[in-house]
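Student: Below are the sequence and a predicted model; questions follow.
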Amino acid sequence: MKRVHFISIGGSVMHSLAIELKRIGFTVTGSDDVIYEPSKSSLINNDLYPEKLGWYESKITDDLDFVILGMHAKIDNSELKLAKHKKIKIYSFPEFIFEYSKNKTRVVIAGSHGKTTISSMILHVLKDNSKIADYVLGAKIEGLSNSVSLSQKNEFIVIEGDEYLSSRINNVPKFHVYQPNIALISGISWDHINVFPTFNIYKNQFKIFIDKIVNGGVLIYNNKDLEILSLLNGNQNYIRKIPYTEHNFLIRDGRFFIETDEGLLPLKIFGKHNMENLSAAKQVCNLIGLTDDQFYNSITSFKGASNRLEIVETSSTRIVIKDFAHSPSKLKASIDAVKSNFKLDLLAVYELHTFSSFDEKFLNEYVGGFDLSDYPVIFIDKLNPKLKNIRFDEESLKKSFKNDRVVFKYDKDELYDYLLNFKEPNICLLLMSSGKFGGLDIGLIGKNFCRHVN
């Protein structure tokens with residue numbers, strides 16, 4: 001039985017790993033100075049919530065086999081300093097995952113967008129065909145009790161390859177650590193500007209990722225993404241390269257159908273970008289050993305990843321959809337997906353949630369993002385501590401989006417009233433954010449918006 005201590009156990013993936021290690025027989029302890037929901041409840045339910053919040057050197061005991069260090073902990077963390085002094089092995093999250101999966105076939109799903117959906121599709125199809133794999137996801141998805149699942153017996157592990165940094169003492173992107181046997185890149189568009197201050201620096205992280213694929217491995221890539229193609233131009237790595245594009249599809253009566261040799265198959269998901277995601281997932285499943293027929297028979301029951309273009313509520317004249325959107329490319333893709341699938345006017349609400357979202361260089365990436373929206377709204381939570389020192393004005397933001405129709409809301413109650421007093425009946429409300437809209441109850445908004453037509 002191994003003993004492990006988590007420094008910063010409250011992180012979204014850190015707490016999931018802690019729960020999983022306890023499940024498979026590790027003795028687990030952890031510390032953090034602040035823990036938010038849903039991590040808090042999950043840790044409490046698994047008897048892993050710290051007795052007291054804060055950092056305590058007494059937790060760094062000599063009998064620890066290793067420590068796992070989260071990104072939230074600072075370099076001068078007292079527990080970290082003592083663990084170093086005692087020469088206890090310290091892993092970052094991705095370092096531990098690599099160590100645990102060294103003898104498995106590592107499938108790493110990377111890209112600026114679509115990672116969670118593609119990973120979810122793969123796991124859905126594998127499970128439906130009784131082929132079980134380990135997995136490491138960036139967020140919990142529907143049908144899975146945890147976002148991390150590890151075993152000694154499974155041959156494959158599916159890893160969502162985040163490009164954010166590993167830890168304070170391992171200052172490299174997570175996906176550089178995994179050394180994939182099978183790698184996938186869905187697309188490259190500038191993100192994490194607080195870490196990668198120029199697009200070229202950000203893009204270069206994917207070049208390094210490709211170089212980390214093991215000799216004889218496979219790279220599956222979006223053949224329509226010019227940035228990926230530029231990285232592959234002249235690449236001489238000893239790997240197979242398999243391109244994909246969006247799967248052939250038709251839209252009939254507001255539903256998406258994919259074209260197969262057996263005819264049209266109806267889907268529960270929609271959007272052109274999801275047809276790309278589906279094609280990517282199919283390539284991975286083929287390499288894992290599933291046939292086209294097995295994939296198609298299973299993907300028809302896939303309902304989508306949680307919070308990814310998830311339909312919250314519908315009525316005869318209105319529909320409410322929520323989506324995890326955190327970048328200019330995701331904003332455009334989400335709006336395009338909804339407009340192509342629903343023949344309704346679109347009320348699109350987008351939350352600018354992080355400090356880096358207001359960086360002038362990054363804002364230029366938003367040009368045209370709201371072009372397909374009939375009623376564009378930007379929500380900026382004035383109580384968001386991440387935006388405490390930010391300065392901006394509405395006119396400069398409108399210029400960044402090149403859209404004079406944008407409406408601004410700064411308070412959750414103000415936004416709630418605005419939505420519920422919206423008069424147009426035949427309309428789709430799309431709520432996009434990587435945050436929480438100031439704590440608004442999206443389910444309640446959905447119910448009231450769909451039944452309240454002036």
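Tutor: Done, it's in. Numbering: from 1, shown residues only.
Student: Let me see the contact set for Asp162.
Tutor: Applying CB atoms under 8 Å, 6 or more residues apart in numbering, one finds that Asp162 lies in contact with 115, 138, 173-175. (C-beta placed from N, C-alpha, C; glycine too.)
Student: So which of the residues you listed are in strands?
Tutor: If you go by DSSP state E, those have Pro173 in strands.
Student: For the contacts of Asp162, give me JSON lines that also has distance to Ala18, pLDDT and neighbour count.
Tutor: Compiled in JSON lines, the contacts of Asp162 are given as follows (distance: CB to CB, whole Å; pLDDT from 0 to 100; neighbours: other CB atoms under 10 Å):
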{"residue": "Lys115", "distance to Ala18": "22", "pLDDT": "93", "neighbour count": "27"}
{"residue": "Gly138", "distance to Ala18": "16", "pLDDT": "80", "neighbour count": "20"}
{"residue": "Pro173", "distance to Ala18": "22", "pLDDT": "95", "neighbour count": "22"}
{"residue": "Lys174", "distance to Ala18": "17", "pLDDT": "96", "neighbour count": "28"}
{"residue": "Phe175", "distance to Ala18": "21", "pLDDT": "96", "neighbour count": "28"}
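Student: With respect to Phe66, which of the contacts of Asp162 is nearest?
Tutor: Phe66 lies nearest to Lys174 out of these, by CB to CB, at 18.0 Å.
Student: ok, back up a step: redo the contacts of Asp162 as TSV? Include distance to Lys87.
Tutor: Below are these laid out as TSV (distance: CB to CB, whole Å):
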residue	distance to Lys87
Lys115	36
Gly138	32
Pro173	27
Lys174	25
Phe175	28
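Student: I'd say Ser327 and Ile188 touch.
Tutor: No - if you go by CB atoms under 8 Å, Ser327 and Ile188 don't touch, sitting 11.1 Å apart.
Student: Check the contact lists of the two and give me the overlap.
Tutor: Counting by CB under 8 Å, 6+ apart, the residues touching both Ser327 and Ile188 are Ser112.
Student: And the two? Which one has more around it.
Tutor: The residue with more neighbours, out of Ser327 and Ile188, is Ile188; 26 against 21, by other CB atoms under 10 Å.
Student: For Ser433, list the residues it contacts.
Tutor: 324-326, 350-351, 353, 379.
Student: Give me the below-cutoff pLDDT ranges for the stretch 251-400 of the chain.
Tutor: Scanning the stretch 251-400 of the chain for pLDDT under 70 picks out 254, 355-357, 389.
Student: And the strands in it?
Tutor: Counting by DSSP state E, counting those that start in this stretch, the segments of the stretch 251-400 of the chain that form strands are 255-260, 263-266, 310-314, 318-323, 345-351, 375-379.
Student: quick check: angle from the fifth one to strand 375-379?
Tutor: Just to be clear, that refers to strand 345-351. Per axes from the mean of the first three to the mean of the last three CA atoms, to 10 degrees, the angle that strand 345-351 makes with strand 375-379 is 10 degrees.
Student: Over to the first one?
Tutor: Here strand 255-260 runs at 100 degrees with respect to strand 375-379, directions being taken by the same axes, to 10 degrees.
Student: just to revisit the earlier point, could the strands of the stretch 251-400 of the chain be laid out in JSON lines, adding mean neighbour count and distance to Ile210?
Tutor: Compiled in JSON lines, the strands of the stretch 251-400 of the chain are given as follows (neighbours: other CB atoms under 10 Å; distance: least, CB to CB, whole Å):
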{"stretch": "strand 255-260", "mean neighbour count": "16", "distance to Ile210": "29"}
{"stretch": "strand 263-266", "mean neighbour count": "12", "distance to Ile210": "33"}
{"stretch": "strand 310-314", "mean neighbour count": "17", "distance to Ile210": "32"}
{"stretch": "strand 318-323", "mean neighbour count": "23", "distance to Ile210": "29"}
{"stretch": "strand 345-351", "mean neighbour count": "23", "distance to Ile210": "32"}
{"stretch": "strand 375-379", "mean neighbour count": "21", "distance to Ile210": "36"}
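Student: Turn those strands into CSV, columns for distance to Ser433.
Tutor: What follows is those, written out as CSV (distance: least, CB to CB, whole Å):
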stretch, distance to Ser433
strand 255-260, 24
strand 263-266, 30
strand 310-314, 13
strand 318-323, 8
strand 345-351, 4
strand 375-379, 7
